[in-house]
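Asker: Below: sequence and its predicted model.
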Amino acid sequence: MSECKRMAELYRSVYEGDKGEAWHGPALLPLLKDVTAEQASLTPVASAHSIIQLVWHLAYWEEIVLRRFSGELANAALNDENDWPQNRRVSADEWQSALLRLDRSHKALQSAIAGCADVRLEEKVIGRDYSLYILLHGTLDHCVYHSAQIALLKKALSSS
């Protein structure tokens, strides 16, 4: 199996899991499955982001990473309104829309990774000082990190 296909499979596992679990624990999609719009908007931990903010943030960065992976110069400011939208109560439709955006961005990036030739992994990201290989591993880490935050927020919600 090629390195790109292995990375695509790992990215799938981090998102979908295998029967709900990934190598690090609960995968992102199963974590979000039973979250309601109301729960997604709550902030049970002081100064933490809400689940909806984390979902918006993950989808946004997957979209940026896909653009960069596709060879586009994609500049994105850190900590602006696109990176971290203000928290607010969302309707059930808005919550489903956010989940659909995340699903689409994740699957598009996974598909791009799976279709990549391994030789491309050594290419530099346009406008950056690192390779596509580093970009993809950072993106995997990013997904795992925020999945853990969502797991902790869910625990805090269930104990409040």
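Answerer: Nice, thanks for sending it over.

Asker: Okay, buried residues for the biggest helix by length in the chain please.
Answerer: Longest among the helix segments of the chain by residue count, using DSSP state H, is helix 132-159. Neighbour counts over helix 132-159 (16 or more other C-beta atoms under 10 Å) mark 132-133, 135-136, 139-140, 142-144, 146-147, 149-150, 153-154, 157 as buried. In this view, the C-beta of every residue, glycine as well, is placed from N, C-alpha and C.

Asker: Tell me the first helix or strand C-terminal of the worst-scoring helix or strand of the chain on mean pLDDT.
Answerer: Every helix and strand of the chain was ranked by mean pLDDT, DSSP states H and E. The lowest is strand 21-22, at a mean of 66. With elements assigned by DSSP states H and E, the helix or strand that comes after strand 21-22 is strand 25-26.

Asker: And the average pLDDT for that next one is what?
Answerer: Across strand 25-26, the average pLDDT comes to 83.

Asker: Now do the following helix or strand past that strand: which elements does it pack against?
Answerer: Downstream of strand 25-26, the next assigned helix or strand under DSSP H and E is helix 28-32. For helix 28-32, the elements it packs on are helix 3-16, helix 51-69, helix 92-114, helix 132-159, judged by 3 or more C-beta pairs under 8 Å, 6 or more residues apart in numbering; DSSP states H and E.

Asker: Okay then, goodbye and thanks.
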